[in-house]
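> I would like to see how this sequence folds:
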Amino acid sequence: MIEKTTLVIQEEQEKEIIRMILDDNKYVRYAAICDAEGKIICDKHARDEKNILTLEETKTLLKTAMDRWKKRYELVDKIGKGEYSVVSYEKIKRITVPLDEDHLLFVSVDGGKNVRMKDIMEIVDYTLHKFVPHSSPK
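Coordinates of the predicted model:
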């Protein structure tokens with residue numbers, strides 16, 4: 001029963017992060033959360049946007065991004081915990097944010113458009129902590 005409750009909370013967090021990010025910035029094309037293997041577990045397109053990449057290409061890039069974040073975790077004692085990564089191309093910006101060691105947020109933004117990482121990080125922080133039960137005082 002506890003495992004199921006934890007899973008439901010996680011699904012609620014994932015959906016809310018994606019919904020809030022899409023609502024917050026009109027230039028966000030697509031947002032997804034993937035697991036440690038790069039498998040998309042929750043995603044949504046904005047404004048009927050079409051993918052620039054195929055689903056398989058997106059999955060491959062998410063797996064690669066997750067592998068890179070795993071490598072960064074190996075250096076956390078030296079460089080600190082990773083917060084986010086932004087790669088900018090002519091047509092899109094690709095943003096990755098590690099939610100934990102096993103989940104990654106991916107956000108695709110129209111190329112040449114501004115995105116405030118502070119806004120995305122505030123949404124992630126708010127949503128991840130919203131569902132954490134408060135511990136009772138001892």
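
> ok, so what distance separates the residue nearest to the spatial centre of the chain from Asp77?
Nearest to the mean C-alpha position of the chain, counting by C-alpha atoms, centre = their mean, stands Leu105 at 1.0 Å. Using C-beta to C-beta, to the nearest Å, one gets 24 Å for the distance from Leu105 to Asp77. Every C-beta, even on glycine, is put in place using the N, C-alpha and C of the backbone.

> do the same with Leu99
Between Leu99 and Asp77 the distance is 21 Å, computed by C-beta to C-beta.

> So for those two, which residue has more residues nearby?
More neighbours sit around Leu99 than around the other of Leu99 and Asp77, counting by other C-beta atoms under 10 Å; the figures are 17 against 8.

> For the more buried one, report the pLDDT, please.
Here, the pLDDT recorded for Leu99 equals 89.

> C-terminal to the helix or strand containing it, what's the next element?
Counting by DSSP states H and E, the element that carries Leu99 is strand 92-100. If you walk from strand 92-100 toward the C-terminus, the next helix or strand you reach (DSSP H and E) is strand 103-110.

> Report all helices and strands that that following strand contacts.
Under the contact criterion of 3 or more C-beta pairs under 8 Å, 6 or more residues apart in numbering; DSSP states H and E, strand 103-110 touches helix 2-24, strand 28-35, helix 55-73, strand 92-100.

> Need the ones you listed in TSV (columns: distance to Asp43).
Formatted as TSV, the entries for the helices and strands packed on strand 103-110 read as follows, by distance: least, C-beta to C-beta, whole Å:
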stretch	distance to Asp43
helix 2-24	7
strand 28-35	4
helix 55-73	9
strand 92-100	14
